[in-house]
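Participant: just coords:
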């Protein structure tokens, strides 16, 4: 389960759940589910939030306590994220099967992320970052 800081960020922005829901085109109940980590925030909406309000992906998802507000806009690029996944996997000298297995994924699902065929999910990105102790901001190209 993701222990996220979305509620803290929203409150820092002095927004209600209804107001944030309006920004994303979702209900207050959906925002509540995201804030309590009962429902995963879709990856593209997480990136939109971080871009709009200049938050670190790592901070919002609770991967770090450091709220490094970064003004570099994240582009949702399946291929770039896939390339970063491949770079990480190769640096660890792991096969796709071993890498995927450590994150609780099938090799086929992981392969679709690595090749950029599918956009990674928030839960999978979180799991990979926790398992391999990397930054989600790095994975998305926000950090070098």
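Facilitator: Cool, the structure landed. This structure is a prediction, so every number in the text was calculated from the model and none was measured. Residues are numbered from 1 along each chain as shown.
Participant: ok, now which ones touch the residue most central in space within the chain?
Facilitator: When the chain is reduced to its mean C-alpha position, the closest residue under Cα atoms, centre = their mean turns out to be residue 122, at 4.6 Å. For residue 122, the contacting residues are 2, 40-43, 46, 61, by Cβ atoms under 8 Å, 6 or more residues apart in numbering. For the C-beta atoms, the positions are set from N, CA and C on the backbone; glycine is no exception.
Participant: Against residue 128, how distant is the closest residue to residue 43 other than its chain neighbours?
Facilitator: Distances taken as Cβ to Cβ, 6 or more residues apart in numbering place residue 122 nearest to residue 43, at 4.7 Å, with adjacent residues excluded. Using Cβ to Cβ, to the nearest Å, residue 122 is found at 11 Å from residue 128.
Participant: do residue 79 as well
Facilitator: Counting by Cβ to Cβ, the gap between residue 79 and residue 128 amounts to 17 Å.
Participant: Among these two, which residue is more densely surrounded?
Facilitator: Higher neighbour count among residue 79 and residue 128: residue 128, with 25 against 10, using other Cβ atoms under 10 Å.
Participant: Tell me the spacing between the residue nearest to that one when sequence neighbours are not counted and residue 129.
Facilitator: Excluding its sequence neighbours, the residue lying closest to residue 128 (Cβ to Cβ, 6+ apart) is residue 103, at 5.4 Å. Distance, residue 103 to residue 129, by Cβ to Cβ: 10 Å.
Participant: Neighbour count for the two, which is higher?
Facilitator: residue 129 (22 against 18).
Participant: I'd assumed residue 136 was in contact with that one.
Facilitator: Yes: at 5.0 Å, residue 129 counts as touching residue 136 under the criterion of Cβ atoms under 8 Å.
Participant: list residues touching both of these two?
Facilitator: Here residue 129 and residue 136 have 58, 61, 63 as joint contacts, going by Cβ under 8 Å, 6+ apart.
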